[in-house]
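Chemist: Here is a sequence together with a model predicted from it:
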Amino acid sequence: MDIQEIVSDLIESGLSEGAIAEMIGEVSQPTIHRIKTGEIKNTSYKIGSALVALHEQVCGQPKDAA
């Protein structure tokens, strides 16, 4: 699962781009949008790990993480 899929899953779960940005901190809504659309393909470790942690909290473990 890549970072774009993680953001898409979070949005499909009902979170807005702004809510995701607020929940992980240190990132803006436009940055979340650019990640979602693929304009940003690589993020810092800090942002990436925060998105993964939020995804696990909101969506559960990814399907391919067993």
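Modeler: All right, it came through fine. Numbering: from 1, shown residues only.
Chemist: Report the separation between residue 22 and residue 6.
Modeler: Between residue 22 and residue 6 the distance is 16 Å, computed by C-beta to C-beta, to the nearest Å. For the C-beta atoms, the positions are set from N, CA and C on the backbone; glycine is no exception.
Chemist: So for the two, which residue has more residues nearby?
Modeler: Neighbours were counted for residue 22 and for residue 6 using other C-beta atoms under 10 Å; residue 6 has more, 21 against 14.
Chemist: got the contact list for that one?
Modeler: Residues near residue 6 by C-beta atoms under 8 Å, 6 or more residues apart in numbering: 51-52, 55.
Chemist: got a list of what the closest residue in space to residue 33 that isn't next to it in sequence touches?
Modeler: Setting aside the residues directly before and after it, residue 33 is nearest to residue 17 in space (C-beta to C-beta, 6 or more residues apart in numbering), at 5.2 Å. Contacts for residue 17 (C-beta under 8 Å, 6+ apart) come out as 7, 11, 29, 32-33, 36.
Chemist: make it 10 Å
Modeler: Residue 17 is in contact with 7, 10-11, 28-36, counting by C-beta atoms under 10 Å, 6 or more residues apart in numbering.
Chemist: Thanks again, I'm all set now.
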